[in-house]
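*Asks:* Sharing a model prediction with you, sequence too.
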Amino acid sequence: MGSERRGDGRRRPARYSALTLLRRGLTASPWPRSWQAHELKPSYDVVIVGAGVHGLAAAYYLAVNHGITDVAVLDKGYIGGGGSGRNTAILRSNYLTPEGVRFYQRSLTLYQDLAAQLNFNVMFSRRGHLTLAHTDASLRTMRWRAEVNKLQHVDSEVIGPEEVKRLAPYLDVTSRVRYPILGALYHPPGGIIRHDAVNWGYARGADARGVHIHQDTEVLGIDVGAGRVQRVRTSRGDIATPVVLNCTAGWATTIADMAGVGLPIITHPLQAAVTEPVKMFLHTVVVSGSLHVYVSQTDRGELVFGASVDPYPSYSTRGSLEFIEELAGHVLELMPSIARLRLLRQWAGLCDMTPDYSPIMGVTPVDGFLVDVGWGTYGFKAGPVSGEAMAELVATGKTPELIAPFALSRFGAGALVGEKGAASVGH
Ligand code: PYC
């Protein structure tokens, strides 16, 4: 078993510690599996669709914060195989609206303690985040964001080109380039994390407390009767349940359609790429909106790049030559000295874009059908806070204040939360 019973009778994951490592090494005893395969039960108190960071975090906090463990997490693929394993793992809370800043800041706070909380090394590296401004208009937006951030007690400030050069010496800050760097929004708490470790840590923590994670289990239909959720039909059988939480990215509208709920979402691919590893030289995350590129260096030394979403709706997760050509051109405008670095891989994930670039979280017109969707390019950084908040909503029936602005009803009410100006790059 991947779990053990503690004094209070509740299950916890088997501990990873230096002592256990030594004991297992000396006794040659194998490590327990991090999560188990289970038979699908005919009913669960809660069914979560999507075993990415959002679904797994919601399951984890349901169990840990509310003692609700009769929970199934379903995924048609494998744990973290969607957007949660395809993003560029950047964390930050330097958004544009007070609602957004407060929300993402709570996520960053949870991320900071996550390794200790999950007893799993998630490799959070707080290294600062620079959003470059190449035009007067973007400098103005950076100032605006800095002021909103400060009012929410989030550390962000606008800095000049000399300070940018000090933080990232390989950037070309001369005026000889097409888009000279005029300044940047500097956000010291930002950083990167190991996305797979976050997914696996939440999966292990949820499983150990009794949650059933069902991989290779596709949702085929959702039965609604008398205005509320009754049953989920899957490729492995039917499940009776009063609560379905849609935590999918890419398939959010497909799943919501099954329950008869329409969502204002259009799905676009977002491509990324990684280079061979080199000695550490880039100690901050660097983003350029005008050049449509962001880059960070992992602890292994690889440079991870991303850009804007592909300019057409699609469900494709393949990389394209156009993307790589354009990306390379833009990266070299920023850092000409890396011209000889070789790219190892490229890939794509799916982004569910909403009209205001904010997510949709909370209840829907169908009782028991809840959504945690519409993350656009911001999903991974919000995994812990949305998991925590959605678990509270499921457990108490009350929408937590932190996510109230992101309700589906805001589109009908015209109360949008415009976060396009906080996007890393233009989309
Ligand atoms: O919002 O920081 C961001 C981001 C980076 C990559 C995709 N989104």
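*Replies:* All right, it came through fine. Numbers count the residues shown, from 1 in each chain.
*Asks:* Alpha carbons of stretch 377-391, as CSV, please.
*Replies:* Once side chains and other backbone atoms are set aside, the C-alpha atoms of stretch 377-391 remain, and they are given as CSV (Å, rounded to 0.1, in the frame of the first residue of the first chain):
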residue,chain,number,x,y,z
THR,A,377,-2.6,30.1,-20.5
TYR,A,378,-2.9,30.6,-16.7
GLY,A,379,-4.0,27.1,-15.5
PHE,A,380,-1.0,25.5,-13.9
LYS,A,381,-0.1,28.4,-11.6
ALA,A,382,-3.7,28.3,-10.2
GLY,A,383,-3.8,24.5,-9.5
PRO,A,384,-3.5,24.7,-5.7
VAL,A,385,-5.8,27.6,-5.1
SER,A,386,-8.6,26.4,-7.4
GLY,A,387,-8.3,22.9,-5.9
GLU,A,388,-8.6,24.4,-2.4
ALA,A,389,-11.5,26.7,-3.3
MET,A,390,-13.5,24.1,-5.4
ALA,A,391,-13.1,21.6,-2.6
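*Asks:* now residue 108: how far from residue 143?
*Replies:* Remark: distance between residue 108 and residue 143 (Cβ to Cβ, to the nearest Å) = 22 Å. C-beta coordinates here come from the backbone N, C-alpha and C atoms, glycine included.
*Asks:* now residue 122
*Replies:* Distance, residue 122 to residue 143, by Cβ to Cβ: 33 Å.
*Asks:* Which of the residues in stretch 284-302 are classified as buried?
*Replies:* 284-298, 302 (16 or more other Cβ atoms under 10 Å).
*Asks:* from those, which is closest to residue 182?
*Replies:* When the buried residues of stretch 284-302 are compared for distance to residue 182, the smallest value, 10.1 Å, is given by residue 290; criterion: Cβ to Cβ.
*Asks:* Quick one: residues in contact with stretch 162-175.
*Replies:* Applying Cβ atoms under 8 Å, 6 or more residues apart in numbering, the set of residues contacting stretch 162-175 from outside is 128, 130, 132, 159, 161, 180-181, 183-184, 186, 281-284, 286, 333-338.
*Asks:* Just the ones of these in helices?
*Replies:* Counted as lying in helices by DSSP state H, out of the contacts of stretch 162-175, are 161, 333, 334.
*Asks:* and the first one, how far is that from the ligand?
*Replies:* So the one you mean is residue 161. 22 Å (Cβ to the nearest ligand atom, to the nearest Å).
*Asks:* where in this protein is pLDDT low?
*Replies:* Low-confidence regions of the chain, defined here as pLDDT under 70, cover residues 1-11, 427.
*Asks:* just the helices in it please.
*Replies:* Defined through DSSP H, the helices belonging to the chain, from first to last, are 18-27, 53-66, 98-112, 114-118, 136-151, 161-167, 195-208, 252-258, 321-334, 383-396, 410-413.
*Asks:* Nearest approach to residue 74 belongs to which of the ones you listed?
*Replies:* Using Cβ to Cβ as the measure, helix 53-66 is the one of the helices of the chain that comes nearest residue 74, at 8.4 Å.
*Asks:* Contact residues of the stretch 301-427 of the chain facing the ligand?
*Replies:* Taking Cβ under 6 Å from any ligand atom as the contact definition, the stretch 301-427 of the chain meets the ligand at 306, 377, 378, 424.
*Asks:* try it again with 8 Å
*Replies:* If contact is defined as Cβ under 8 Å from any ligand atom, the residues of the stretch 301-427 of the chain in contact with the ligand are 306, 377, 378, 380, 381, 422, 423, 424, 425.
*Asks:* Can you get me a residue count around the residue nearest to residue 149 when sequence neighbours are not counted?
*Replies:* Spatial nearest neighbour of residue 149, excluding adjacent residues (Cβ to Cβ, 6 or more residues apart in numbering): residue 156 at 3.8 Å. If you count neighbours by other Cβ atoms under 10 Å, residue 156 ends up with 25.
*Asks:* All set now, cheers.
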